[in-house]
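Student: How does the following fold in three dimensions:
(2 chains)
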Amino acid sequence: MSLLEVENLSLSIHGAPILKKINLSIDPGQIVAVTGESGSGKSMTALAVMQLLPNGAQTQGEIRLEGRDLLTTPEAEMCALRGAAIGMVFQEPMTALNPVKSIGDQVMETILIHKAMPATQALDHAKEVLRRVGLPPERFPLSRYPHELSGGQRQRVVIAMAIALRPNLLIADEPTTALDVTTQAQILDLLKGLVREYGMGLLMITHDLAVVADMADQIVVMRHGEVVEAGPTDDLLHNMQHPYTRMLFEASDHQVALPDTAGDRPLLEVTQVVRDYRLPRKGLFDTPGHHRAVDQVSFTLNRGERLGLVGESGCGKSTLTRAILGLEEVQAGEIRLDGALVLTGHKPNPAVRRKMQVVFQDPYGSFNPRHKVARLITEPFHLLDTPPTGTERQDRIAEMLTAVGLSPDDAGKYIHEFSGGQRQRIAIARALIIRPELILFDEAVSALDVSVRAQILDLLAELCATYNLTYLFISHDLSVVRTITDRVMVMQAGKIVEQGETEQVFANPQHAYTRTLIDAAPVLPDIGALAG
Amino acid sequence: MLRYAFKRLISLMISLAVASVVIFAVIEVAPGDPASFMLGVNAQEDTLAALRAELGLDGSKLERYFNWVSGMLVGDFGTSYTYRTPVSQMIQDRLWVSLPLALYALTLSTLIAFPAGIYAAARRGKPGDLTVMGATQLGIAVPNFWFAMMLVLIFAINLRWFNAGGFAGWDQGFWTGLHSLTLPAVALALPQAAILARVMRSSLLDILGEDFMRTARAKGLSRRQALWRHGVRNALIPVLTIIGLQFSFLLAGSIIIEQVFYLPGLGRLVFQAISARDLIVVESVVMLLVFAVITVNFLVDLAYAAVDPRLRSRT
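Tutor: Down below sits the predicted model:
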């Protein structure tokens, strides 16, 4: 008998259909990955198993855990199952823990709420579980609070809470999406180890096909609330039946052809830049310490060149970006664009500022929801001494919207009428409208679905050909940087540890850290080879 | 935690020093002669001179400021011009009414608001929530002196459970004193409770949407357990802020209620002092209220740190 059987599960929320006759099953010790793009219903499937669906949800079909139908189980009995028979790990380790309770209390709560053992024993058990997930109490006392831990460590605490009572079924909803590649590799190893050791079934929800291919026994591909294809990992990869599955895998490893560029005139020159942050004083009369976020960074970006910047969170990528934009003062060194300093005195130099634009990660948070698209994308005009007006302004708006693959009619719409990918196109139009010499892409495709990401990357390649763009592409995603840049820099702890031609750096990394990064990134199997 | 408390204490001292300078400047150094202002336009020249000497207006400004501050530090607030009694004694008498009244009202409002806010948040959108929200709407809209008059009508005139006004004094015994403060405290507490309940509800609703509440449910906590164990403490931060503001307001702003119930409190003292142009009393009471407000803020800061470990370590 399977551990978990989902049969013909349908779900609607306030009448809107979310899931349509889902079927899947998990055996003990098996890893089943549910994958698909946002809105495919994969997270809702997980929440349906937990019976933690939002208000207004109506379900049909059956979800059997060890033969017992969860859909007809009363809430009080579900409480007894959650945490004990089914554990769950969530996507956002930064917010999944209660900030005002110590990690020991939170792990012990799982044990005590189910009255599994007396409090004194529970304490020892909590220590043991935390040790198992890689947080030995000698180094991470139970009295620590979540804010004293890194993202990866917090995710270990969440996993400890989920496995404290050795549930037979563990559900992990995008457990590594918010983490760096090296941390991701460690967490995935931990999950695999736990499944092996405890014989748990693991229902893994992820959009990352490389992760799926690497660790799942079974793959379930979902789209618009339906299962389009499912099967054992090897069979499915070798013999993809559904065009959507094929499209997903192709988009995940999307390659673009950048036009050639003959740039050897320097545009952006960064020399020996240092950015220190003051730390709080240790004692009242101590001199405050410093944290060096950017350490002696030097590089040159030539006109027409596409430069990548990769590194893990906290390595100083964002600080460096802000310094280039003139949003932060540096403590040493200088940043010049086209020969002029980005900061004159303590103020950004407007003549330099209008030559730079930036595209941010979050397509939802980076627009004012009360302005129409025409006003949103013409915002950079305020940097100009004589901004275009009247028909010239209309023409520029129409040209830009067309250039990024939208229609000039979209100028009169509000931002909520657009999808994430369309918003990112609008963000690119906003950056391009004053024809900047340099564009900074700060994790600009990281929040997008793979198919949308592929389209945006195609768009960038097209725009490179039309407008001869020069850009700095900041990302933690190595596969994207590999295809969209000519040269790449690897940053670690504030320093550029390696830079060179992109292909060369990826094919033959010189620095140990670069090798660590490349090795840690999960790799998609070669579909061509698989199909043949 | 000690470092945090120490830092907050230093900032409290600085605020007090700044406030004393501002109050002194506004009242004593502002253009015009305080003595002629206090006595009115028809004052005799020799009376004016006598008052100036009495107020110590002959010294330099700096000298006068230090005299005023050092006097206050040892409890000497000067002598009231209209009553001819030491200001410190007057303030002390009034404080014994106003402070217990404010604390009493705040306790009542918290006792009403916490359960009401938590109850409404737990039943969002259901009849229980709508009833509580309707009641709080009413509590905010209706002025407290109207509540006061209704309370007098019902409990003093009809039921005769309480006196309609006046303060028995603490020398009659604690419970007698408390008894005579009950109606004013209820009148003060109701609108404050309505505000506090709404803050509690919305703060808790924000917290209920947080990821860690879902984590708590995934661990096997029931809705109610998750609310009490993980929701309430996190929801307290904005509520504490409002409680701090309300205490300051209750201490000084209960003047209308004091008038309705004929209570000898600080509010009435300031009111009378301003009408009589008794600047010495005004200055002293204002300084005292500033002291109270700043001290309450200090206590609220400490309460934040007790609730939220992130504030303790951020240092």
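
Student: quick check: domain ranges of chain A?
Tutor: Domain assignment of chain A by automatic domain parsing yields the ranges A:4-252, A:268-280+A:295-355+A:437-532, A:370-436.

Student: ok, and the closest non-adjacent residue to whichever residue of chain A sits closest to chain B?
Tutor: Nearest residue of chain A to chain B: residue A:83, at 3.2 Å (CB to the nearest CB). C-beta here means a position set from N, CA and C on the backbone, and glycine is covered the same way. Computed as CB to CB, 6 or more residues apart in numbering or on different chains, the closest residue to residue A:83 that is not its neighbour in sequence is residue B:220, at 3.2 Å.

Student: Shouldn't that neighbour be within a strand?
Tutor: No: under DSSP: H, G, I helix; E, B strand; the rest coil, residue B:220 falls outside any strand and is assigned coil.

Student: Over stretch A:134-148, what's the mean pLDDT, rounded is fine.
Tutor: Stretch A:134-148 shows a mean pLDDT of 90.

Student: Show residues contacting that stretch.
Tutor: If you take CB atoms under 8 Å, 6 or more residues apart in numbering or on different chains as the criterion, stretch A:134-148 is touched by A:97-105, A:107, A:123, A:126-127, A:130-131, A:149, A:153-154, A:156-157, A:160, A:186, A:190, B:309-310, B:313.

Student: which phi and psi does the residue nearest to residue A:83 have?
Tutor: Phi and psi for residue B:220, reported as degrees, to the nearest 10, are phi 110, psi 10.

Student: Hmm, residue A:63 is touching residue A:50, no?
Tutor: No: contact criterion CB atoms under 8 Å: residue A:63 and residue A:50 do not qualify, at 9.8 Å.

Student: Now do the shared contacts for the two.
Tutor: By CB under 8 Å, 6+ apart, no residue touches both residue A:63 and residue A:50.

Student: Quick one: the domains of chain A as JSON lines, columns for mean neighbour count too.
Tutor: Output for the domains of chain A, formatted as JSON lines (neighbours: other CB atoms under 10 Å in any protein chain shown):
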{"stretch": "domain A:4-252", "mean neighbour count": "19"}
{"stretch": "domain A:268-280+A:295-355+A:437-532", "mean neighbour count": "18"}
{"stretch": "domain A:370-436", "mean neighbour count": "17"}
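
Student: tell me, how many neighbours does residue B:221 end up with?
Tutor: 22 (other CB atoms under 10 Å in any protein chain shown).

Student: Contacts only, for it.
Tutor: Contacts of residue B:221 by CB under 8 Å, 6+ apart are A:79, A:83, A:109, A:113, B:229, B:230.

Student: Any regions of chain B where pLDDT drops low?
Tutor: B:29-34, B:55-57, B:313-315 (pLDDT under 70).

Student: What is the neighbour count of the residue of it found nearest chain A?
Tutor: Going by CB to the nearest CB, chain A is nearest to residue B:220 of chain B, at 3.2 Å. Neighbour count of residue B:220, defined by other CB under 10 Å: 23.

Student: That one reaches residue A:87, doesn't it?
Tutor: No: using CB under 8 Å, residue B:220 makes no contact with residue A:87, being 9.6 Å away.

Student: circling back: just name the closest of the contacts of residue B:221 to residue A:239, please.
Tutor: The closest of those to residue A:239 turns out to be residue A:83 (CB to CB; 38.9 Å).

Student: Tell me how far the closest one lies from residue A:43.
Tutor: As for residue A:83, its distance to residue A:43 is 19 Å (criterion: CB to CB, to the nearest Å).

Student: Likewise for residue A:390?
Tutor: 48 Å.

Student: Up against chain B, what does the stretch 251-400 of chain A have?
Tutor: residue A:280 (CB under 8 Å from any CB of the partner chain).

Student: Mind jotting down where the strands sit in the stretch 251-400 of chain A?
Tutor: A:266-278, A:290-302, A:306-310, A:332-337, A:340-341, A:343-344, A:347-348, A:356-359 (DSSP state E, counting those that start in this stretch).

Student: name the helices or strands packed onto the fifth one?
Tutor: Using 3 or more CB pairs under 8 Å, 6 or more residues apart in numbering or on different chains; DSSP states H and E as the contact definition, the elements that strand A:340-341 packs against are helix A:350-353.

Student: Swap in 7 Å and give it another go.
Tutor: Judged by 3 or more CB pairs under 7 Å, 6 or more residues apart in numbering or on different chains; DSSP states H and E, strand A:340-341 has no packing partners among the helices and strands.

Student: Inside helices: which ones of the contacts of stretch A:134-148?
Tutor: The helices, defined by DSSP state H, take in A:103-105, A:107, A:123, A:126-127, A:130-131, A:153-154, A:156-157, A:160, A:186, A:190, B:309-310, B:313 from the contacts of stretch A:134-148.

Student: Closest to the centroid, which residue in chain B?
Tutor: Taking CA atoms, centre = their mean as the criterion, residue B:248 is the residue nearest the geometric centre of chain B, at 2.4 Å.

Student: Tell me which residues of the host helix or strand of that one come out buried.
Tutor: Residue B:248 is part of helix B:232-253, with elements assigned from DSSP states H and E. Neighbour-count burial for helix B:232-253 flags B:232-237, B:239-253 (criterion: 16 or more other CB atoms under 10 Å in any protein chain shown).
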